[in-house]
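give me a 3D structure for the following:
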Amino acid sequence: EQGLFEEALGQLLETDDPSEAARLVARQRRRITDKEQWHRLDVWLRLLPVPLIEGSPELLMLQAWSRENRGHDREMADALDRLEPLLKTAPLDDAAHQRLAGEVDVLRSLQHYRAGRGGPALECAESALRRLPDASAAERAYATILLGLSLQMVGEAGRAHEVVLQTLDRAQGTGTFHGRVLMTLGFLHWIAGNLGLVARTGASLLELARTHELPETGTAGAYFQGIASYQMGELPRAESLLACAAQARETPNSFFWSQANCALALAQQARGDPGAARETASAFLGELLERGISAQVPVAQALVAELALRQGRHSEAVQWARTFEPGSPSFHYGVYVPELTLARALLAEGASQSRDRAVELLERQDGFFTSIHNVRFSIEVHALQA
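Now for the predicted structure:
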């Protein structure tokens, strides 16, 4: 009754039947997800016994969302793999089943999008919006984000903007939902290379965050304004904004936090402060290792190599290039692509074989970014090809 949920959980978990603790977490999910309090959700899930989570579709769904927010993609997928068979047998009413199936569709859409599979991502996003009730505002917002991004990926940029702008009209004043739709608009403008509109969207996100006290939305606003300022050469402003986003360790999802660190280091380097850039990259790598976000570690290591190139320490970058495996081209809607650092390192090495490998790598990247209609990174690839 007094809102002391962590204390209540502790009391419930000392009883003979901890299932009431699980029900408490499920009942309070809107209170924490709609207020972007993902760190509290992590604490709650860690308090619950593993068998309790594994037997509850609601808790497994929350675990999947928590892992996605923290950047643990493999763990998110594992949670979904365990959840889907449970949905077929769990004693759920039709409304609960449809809602949970819709949430699964959202995260499956995200998986497809990140793999560059625009068609399947679009199908899952559309399915999510058919299944999710209006009360699932945050999840519907995320599905809308993926619908817009997937439409852009398959070459329907006009329809993507139409969908997002129509949704934005309905989202006014709804807090988290409104913020998620604005983020979608920011990503669409960034992918298209429309920097002025990226900055304007960032300003709208910052104002929304102040009005509704939404920390993740505020981080996104600082990030979008920061990357636009960096690309337009407004370096002191970029550094100030990106530092705010990069320092917000508890509130944002891992995407904004990690990409803000990359952009901050690049802005510091461009401003002529290589020491600060190296310090930012080193601290970023250390934080990833400490937090166990292993998927982002190669990004941080590549960023260190990128700075080495820009600071004239070519041998250090070439050494990194010999250990980096680029794999297949993958989606990017952030600010930094490690594969392009590899191309720069190969060109810096100067040997004929290295140049040939750089040409081949850039041709693959060019074909991929063209196929997914990513103008922003196509520009960067073309510059390196030239």
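
so residue 133: helix, strand or coil?
Following DSSP: H, G, I helix; E, B strand; the rest coil, the label given to residue 133 is coil.

okay, it: pLDDT?
pLDDT for residue 133: 90.

so which strand or helix has residue 151?
Here residue 151, judged by DSSP states H and E, is contained in helix 137-153.

and the helix or strand following that helix, what does it pack onto?
Later in the chain than helix 137-153, the nearest helix or strand by DSSP H and E is helix 157-171. Judged by 3 or more CB pairs under 8 Å, 6 or more residues apart in numbering; DSSP states H and E, helix 157-171 is in contact with helix 137-153, helix 176-192. Any C-beta I mention is one placed from the backbone N, CA and C, and that applies to glycine too.

in the stretch 51-200 of the chain, where is pLDDT below threshold?
70-71, 172-174 (pLDDT under 70).

burial of the spatially closest residue to residue 52 that is not a sequence neighbour, as a residue count?
Nearest residue to residue 52, sequence neighbours excluded (CB to CB, 6 or more residues apart in numbering): residue 22, at 5.0 Å. Using other CB atoms under 10 Å as the criterion, residue 22 is surrounded by 21 other residues.

now do the SS call for residue 2.
Assignment for residue 2 (three-state DSSP): coil.

look up the pLDDT of it for me, please.
Listed pLDDT for residue 2 reads 82.

ok, back up a step: possible to save the helices and strands packed on helix 157-171 as TSV with distance to residue 62 and mean neighbour count?
Listed next are the helices and strands packed on helix 157-171 as TSV, based on distance: least, CB to CB, whole Å; neighbours: other CB atoms under 10 Å:
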stretch	distance to residue 62	mean neighbour count
helix 137-153	12	25
helix 176-192	16	24
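
will you turn those into TSV that also has distance to residue 359?
Below are those laid out as TSV (distance: least, CB to CB, whole Å):
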stretch	distance to residue 359
helix 137-153	26
helix 176-192	25
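
tally of neighbours for residue 25?
When neighbours are counted by other CB under 10 Å, residue 25 registers 23.

over to residue 273?
15.

same check on residue 156?
Look at residue 156: counted by other CB under 10 Å, it has 17 neighbours.

same question, residue 197
Per other CB under 10 Å, the neighbour tally for residue 197 reads 17.

thinking it is in contact with residue 187, fair?
No. With contact defined as CB atoms under 8 Å, residue 197 does not reach residue 187; the gap is 11.2 Å.

surely residue 310 and residue 268 touch.
No. In this structure, residue 310 is not within contact of residue 268 by CB under 8 Å, at 10.7 Å.

returning to that earlier point: and the angle for the helix holding residue 151 with helix 157-171?
160 degrees (axes from the mean of the first three to the mean of the last three CA atoms, to 10 degrees).

what does the pLDDT read for the residue lying closest to residue 266 once chain neighbours are set aside?
Excluding the flanking residues, the one nearest residue 266 by CB to CB, 6+ apart is residue 230, at 6.7 Å. For residue 230, the pLDDT comes out at 97.
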